[in-house]
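Predicted model, plus sequence, below.
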Amino acid sequence: MSATAAARTAAPARVGTRGLLRRVADAAVSPLTVDDLLDHFHPLRGGTGADQVKGRIVEVRPETAEAATIVIKPGRDWSGHIPGQYVRVGVDVDGIRLWRCYSLTHGPRPDGRISITVKAIPDGTVSQHLVRRARAGQMLHLAQAEGEFVLPDPLPAKMLLVTAGSGITPVIGMLRNLFSKATLPATDIVLVHSAMARDEVIFGAEMRRYAATGRLRLIERHTDTDGLLTTADLAAEVPDLAERIAYACGPVGLLDALEEHYAEQRLTLHTERFRPAMVDTDGAAGGTVTFAGGTSLTADGSTPILDAAENAGVLMPSGCRMGICMGCVLPMTSGAVRDLRTGEVTVAVPGETGAGGVSIQTCVNAAAGDCQINH
C-alpha cells in the first residue's frame with residue numbers, strides 16, 4: 001500500500017477514535033459536557049464558533065453621571081471590526097439573557113480589547129445594568145461586528161460629522177482610529193455635537209482636545225442654553241456644507257430633519273440610527289398579546305411587542321432591535337400587528353394563513369388588536 005493510500009485509510013480511523021474518546025469524556029462528566037467544563041475554566045477559548053463569542057469585562061470607566069465605557073476582552077473567535085460598526089451584546093440580568101446593540105468606541109487596539117460606551121436609559125434594563133452594576137470579571141456574549149456606518153477609503157477632502165447625545169459613540173471610534181496613526185489625515189473635519197448640558201457631553205474633554213490641537217473644528221452645542229440643533233443652525237455654522245460628505249448619528253428627530261434637508265439639497269449624508277424611523281401611531285389601538293405558553297399581556301398600539309413582552313418579564317429572542325437582523329422573528333398564529341416603520345397591518349387568520357402562522361418581527365411590530373404568538 002502506498003503512503004498516500006495508507007494515510008487515507010488512517011484518517012477516518014483517527015476521526016473515529018477522536019469521536020469515541022469525545023463520547024466517553026462527555027459520558028464521564030454527564031449531565032455536563034467537556035465543552036461545559038472548558039467554558040468554565042477557559043471561557044475565551046477559540047473553536048466555539050464565530051456566532052458564540054464570549055467576552056470578559058476588564059474595566060468599567062465612568063464617562064458622565066449617566067454613561068460608562070465598558071472595556072471587554074473578547075474570545076479568540078472575535079473577528080475584529082471597522083471603526084463605526086456596532087456589536088450585539090448579550091447580558092445576563094437576573095437570570096435572563098438580554099441582547100442589545102452598542103457602537104464600538106475605538107479603532108483596532110494593540111491589546112486586542114474592544115470597548116462600548118453605554119448611556120443609562122431610564123427603565124432600560126440592560127443599559128442600567130451595564131452602567132450601574134457591571135464589574136470587571138463579568139462575562140458577556142458577543143456577536144460579530146456589523147454595520148455599514150464606516151468611513152470611505154480614501155477619505156474625502158472635507159467631511160462633516162453631526163452627532164447628538166450618545167450618537168457620538170460610533171464617531172469617536174472613527175476619530176480615535178484616524179488620530180492614532182503616525183500620519184494624521186489631511187481631511188478637513190468639522191464635528192458638530194449637541195448634548196443636553198456641558199457636563200453631559202460624553203467624551204467632551206477628548207473632543208475639545210482634538211479641537212485644541214487642530215485635528216478638527218468642534219462646534220459644541222448645549223440644549224439647555226442653545227436650544228435644539230436645527231438644519232438652519234447647521235447651515236449657518238458650516239457655510240461650506242455642500243462641499244462636505246456628512247455622517248450623522250443621534251436622536252430620531254435630528255436624523256429625520258437632516259435626511260429631509262440633505263435630500264432637498266441633493267447632498268450626501270450617511271446616517272446611523274439606534275432605532276428605526278417610526279410612523280406616527282399615537283392613539284392607535286393595541287390589544288392583548290397571548291403567547292403559546294399561556295402568558296398574556298396588554299400592549300398599546302405604539303410599543304413594539306418585543307419591548308412590551310420584556311417589560312412584562314417574558315423572555316424573548318432579539319437581536320439588533322431595528323428590524324434588520326431577523327433575530328426577533330416569531331410566528332403569529334392569529335390576530336393583527338402593525339409595522340411601526342410603515343403603518344402596514346399584518347393579519348393572521350387560523351385556517352387561512354397556514355398552520356405555522358405568519359412570521360413577524362417583534363421589534364418593529366405592535367399589537368393592532370388581540371393576537372397570539374407561538375413562543
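Structure's in. What do you need?

tell me which element the residue nearest to the spatial centre of the chain is part of?
Compute the mean C-alpha point of the chain, and by C-alpha atoms, centre = their mean the closest residue is Cys101, 1.8 Å away. Mapping Cys101 onto the secondary structure by DSSP states H and E places it in strand 96-103.

Describe which strands that strand pairs with in its sheet and in which direction.
Strand 96-103 has its sheet partners listed here by DSSP bridges as strand 86-93 (antiparallel).

What is the end-to-end distance of stretch 228-247?
Distance across stretch 228-247, first residue to last, is 18 Å (C-alpha to C-alpha, to the nearest Å).

Then stretch 341-359?
Using C-alpha to C-alpha, one end of stretch 341-359 lies 16 Å from the other.

Please spell out which residues along that stretch are buried.
By 16 or more other C-beta atoms under 10 Å, the buried positions in stretch 341-359 come out as Thr346, Ala348, Thr353, Gly357, Val358. Every C-beta, even on glycine, is put in place using the N, C-alpha and C of the backbone.

In TSV: those residues, plus distance to Asp199.
Written out in TSV, the entries for the buried residues of stretch 341-359 read as follows (distance: C-beta to C-beta, whole Å):
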residue	distance to Asp199
Thr346	45
Ala348	50
Thr353	54
Gly357	50
Val358	49
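
Could you dump these into TSV and include distance to Ser79 and secondary structure?
TSV is the format used below for the buried residues of stretch 341-359 (distance: C-beta to C-beta, whole Å; DSSP: H, G, I helix; E, B strand; the rest coil):
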residue	distance to Ser79	secondary structure
Thr346	35	strand
Ala348	38	strand
Thr353	39	coil
Gly357	35	coil
Val358	34	strand
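
Nearest to Pro331 among those?
Within those, distances to Pro331 taken as C-beta to C-beta reach their minimum at Gly357, with 3.8 Å.

What are the phi and psi values at the closest one?
Per-residue torsions, Gly357: phi 80, psi -160 (degrees, to the nearest 10).

and the gap between it and Val329?
11 Å (C-beta to C-beta, to the nearest Å).

same question, His193
Distance from His193 to Val329, by C-beta to C-beta: 36 Å.

Tell me which helix or strand in this protein has the weakest average pLDDT.
Within the chain, confidence by mean pLDDT, DSSP states H and E is lowest for helix 34-41 among all helices and strands, at a mean of 46.
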